[in-house]
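Show me how the following folds:
(one chain, ligands or ions: 1)
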Amino acid sequence: MPERIEWRHDAGTGTTPYSPRFADRYRSESGGLDQAQEVFLAGCGLPAAWHCRPQWCVLETGFGLGLNFLVTWLAWRSDPHRPRLLHFVSTEAYPAGADDIVRAALAHPQLTGLAVQLAADLYGLLPGVHRFAFEDGQVLLTLCIGDAKAMLRQQRVSADSVYLDGFSPAKNPDIWDVHTFKAVARCCSRGARVASWTVSRQVRDALAEAGFVVDKTPGVPPKRDNLQGVYNPAWEPKKPPHTAAVARPVAASACLVIGAGLAGAAVAASLARRGWRVLVLDLASTPASGASALPAGLLAPHYSPDDSPLSRLCRSGVRMALQQAERLLKAGDDWQLTGSLQRSADKEPAAMAATDPKGTASFRHPENWAGFEGEAADWVKRSTAEQMRDAGVEATGDSLYFPRSGWVKPASLVTAWLHTPGVTWRGRCRVARLAPGSRGWQALDDNGTVIAEAPLVVLATAFDSLRLAEGLAPLSLQAIRGQVSFGLHADAGDNVVDALPPLPLNGSGSLIPAVPLESGMAWLAGATYQRNVTTPVVTRQDHQDNLRRLQALHPAAAAGLVAGFEADRVAGWSGVRCATPTRMPLVGRLATHAAGEVWISTGMGSRGLTLSALCGELLAAQLHGEPLPIELSLANSLNPVG
Ligand SMILES: Cc1cc2nc3c(=O)[nH]c(=O)nc-3n(C[C@H](O)[C@H](O)[C@H](O)COP(=O)(O)OP(=O)(O)OC[C@H]3O[C@@H](n4cnc5c(N)ncnc54)[C@H](O)[C@@H]3O)c2cc1C
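Just a heads-up that it's a prediction; the model follows:
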């Protein structure tokens, strides 16, 4: 549940948010806005310090009600010399609810609009790293939910400004101790400026021990003093151990992305937002011609009782994909947030549901979700008997409901990403191999002619990445052919359409009941899995397999559609997925050479809609040495050469 906040009436300052947990107020006596502006922004020399810089990174301890973030965002917005990208990384052990965040900002009309935008995205704040994008991806908030020390170990931040906030050292000493400051110091480059409203001796000593040189400065009345300083240790700080997830920051220049499917288009958009001139090459004559030509697919979280790395990755992916869909696509035409039901059929019912003492089945949470049941329910809950009845299926007691899911047309997303300013697309270019050249890596065609050359190449060629990466890094990729079956509502008849569920179903196969295709409103059922097959042909056998899946998933829909299947009146689409043995995607650097670098984003498996936007942002973050959108350990597990 969101942190409980009491709104207390204080003489002179109006209503003040108060934390019963820490027995302390959320903001200074003069109000949060003054504190954010005077103590933190001005204390770190902002906005002047970030003028005309390509990127700026603020690190904050104690997100609280988000006022410091909102004020920094507003300052960025108002500054004609703002950096191209503003990163704001903040830690919070007890996240406030969206309503309280908006309420806290209501006192400051200039912040209200921003607070409403922030609040709209603040769902499902389970322990871990959450990334939020605003201003077309130029303001990136990374919220680290959990203990600050532990969370900062899961980041590779190089902060330019540090805001030390939180409840008073007397009420919450942990956040002000030397261990927290050492964790903060690990995230600072020498010269990073630090600011705080507390000047307690103990805090100053702990900061000095962590390598910060701090001074008291005149405070905002009624406070006498504030704290300002700089990270400038008398010793050479130990660099964190090198991982492929960390790259030396590079300057944006020209880049080649090979492959114009979901993976390649997402990378292209992420790099272009950071100032790269991106040329996307593909062998096909139109973008989204490989697996991403799927007419429509499901975007959905993944649930596992132990909250596996794939489940965590998918939640981050869904959040980012939904942000992209909301910003770039037309709801109802290109995508729809519908929610979806996952029927587990006879597979692992006990893993999904536990039986409570009254004998009723209840949803079993992974252990680390204790205390975060409300946040978990934003992602997944047990489906209700009513939902199952409305969907026209038997309530088996082991089905799940994912509120944050829906269908998306991959080609719409690919097209939108390729329209990002800075991205150029060129079709009918089959890249036969890569070779280092004098001005970068060269993409060569079958005749050995150079198609294009750039200091940075990103492979997003799905299963063909295996061949193109030969000699650079050994990859383990598998081709999995698959087929979906679909048909028009108009051809199915009213009775059949009435039998379709109101939202997509997933489980043994999937059913998207209503997607507007060019030819009319359609249903879509799938999909088959045929390993090690690279030819995407539509077969009658696969239609029959899809019908069998549908019979298990939604017997009434299958009964209505069976005649169409039997009479070959069902359309089909087939494509080839590219998967890794762990079902996790591959994202990271493949090779470094004097000519430049080769990176990869592939292995999206059956989850390209869920994972591609996240993988694009992760690749860009690693390349630039930016804060990561997911935990470091998770990012490292996607490393293609790790
Ligand atoms: C039947 C089926 C159902 C699916 N259902 C879903 C679903 O419901 N939800 C979901 O999220 N995902 C689903 N997927 C998976 C999803 O389609 C993929 O994960 C996603 O499209 C992969 O995107 P990609 O960019 O990695 O690969 P692709 O879209 O295949 O893109 C690779 C691109 O590289 C190009 N290329 C390859 N080699 C070369 C070369 N040498 N030179 C130049 N260009 C080259 C290709 O032309 C292609 O355009 C499904 C897949 C299938 C097959």
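
Okay, strands next: where are they in the stretch 451-600 of the chain?
Along the stretch 451-600 of the chain, the stretches classed as strands by DSSP state E, counting those that start in this stretch are 456-459, 478-488, 505-507, 509-517, 520-526, 530-531, 571-579, 586-593, 596-602.

what sits against the residue nearest to Ala514 when sequence neighbours are not counted?
Leaving aside its chain neighbours, Ala514 sits nearest to Met521 (5.6 Å; criterion: Cβ to Cβ, 6 or more residues apart in numbering). Every residue, glycine included, has its C-beta placed from N, CA and C. Met521 makes contact with 488-490, 514-515, according to Cβ atoms under 8 Å, 6 or more residues apart in numbering.

Neighbour-wise, give me the winner out of those.
Val515 (21 neighbours; other Cβ atoms under 10 Å).

surely that residue meets Gly406?
No: assessed by Cβ atoms under 8 Å, Val515 is found out of contact with Gly406, at 10.3 Å.

For the ligand, see how far away the residue nearest to Ala514 is.
18 Å (Cβ to the nearest ligand atom, to the nearest Å).

returning to that earlier point: what is the nearest of the contacts of Met521 to the ligand?
Of all those, the ligand sits closest to Val515, with 11.2 Å by Cβ to the nearest ligand atom.

Enumerate the beta-bridge partners assigned to the closest one.
Ala522 (DSSP bridges).

State the number of residues packed around Cys144.
Cys144 has 27 nearby residues by other Cβ under 10 Å.

Low-confidence regions, the stretch 501-642 of the chain specifically.
Of all residues in the stretch 501-642 of the chain, none has pLDDT under 70.

for the ligand, what are the nearby residues on it?
Residues of the stretch 501-642 of the chain found near the ligand (Cβ under 6 Å from any ligand atom) are 526-527, 575, 577-578, 602, 604-610.

list the contacts for the closest residue to Asp165 other than its chain neighbours?
In this structure, Asp165 finds its nearest non-sequential neighbour in Gly62, 4.2 Å apart by Cβ to Cβ, 6+ apart. Contact analysis of Gly62 by Cβ under 8 Å, 6+ apart lists 90-92, 148, 164-167, 175.

what's the pLDDT at Gly62?
Reported pLDDT at Gly62 in the predicted model: 93.

same check, this time on the one 5 residues further on
Taken from the predicted model, the pLDDT recorded for Leu67 is 94.

any idea how far it lies from the ligand?
37 Å.

Based on its surroundings, how many neighbours for that residue?
Neighbour count of Leu67, defined by other Cβ under 10 Å: 27.

Just give the closest residue to it, not the sequence neighbours.
For Leu67, the spatially nearest residue (Cβ to Cβ, 6+ apart) is Gly32, at 4.0 Å.

for Ile175, same thing?
Gly166 (4.3 Å).

Remind me what the longest helix seen in the chain packs against, helices and strands.
The longest helix of the chain (DSSP state H) is helix 309-328. For helix 309-328, the packing partners by 3 or more Cβ pairs under 8 Å, 6 or more residues apart in numbering; DSSP states H and E come out as strand 128-134, strand 297-299, strand 335-337, helix 410-418, helix 608-624, helix 632-637.

from the chain's centre, how far out does the longest one sit?
Read that as helix 608-624. Averaging C-alpha positions (Cα atoms, centre = their mean, to the nearest Å) puts helix 608-624 8 Å from its chain's average.

follow-up on the earlier one: now the helices and strands packed on helix 309-328 in JSON lines, with mean neighbour count?
Shown next, in JSON lines, are the helices and strands packed on helix 309-328 (neighbours: other Cβ atoms under 10 Å):
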{"stretch": "strand 128-134", "mean neighbour count": "21"}
{"stretch": "strand 297-299", "mean neighbour count": "27"}
{"stretch": "strand 335-337", "mean neighbour count": "22"}
{"stretch": "helix 410-418", "mean neighbour count": "23"}
{"stretch": "helix 608-624", "mean neighbour count": "28"}
{"stretch": "helix 632-637", "mean neighbour count": "18"}
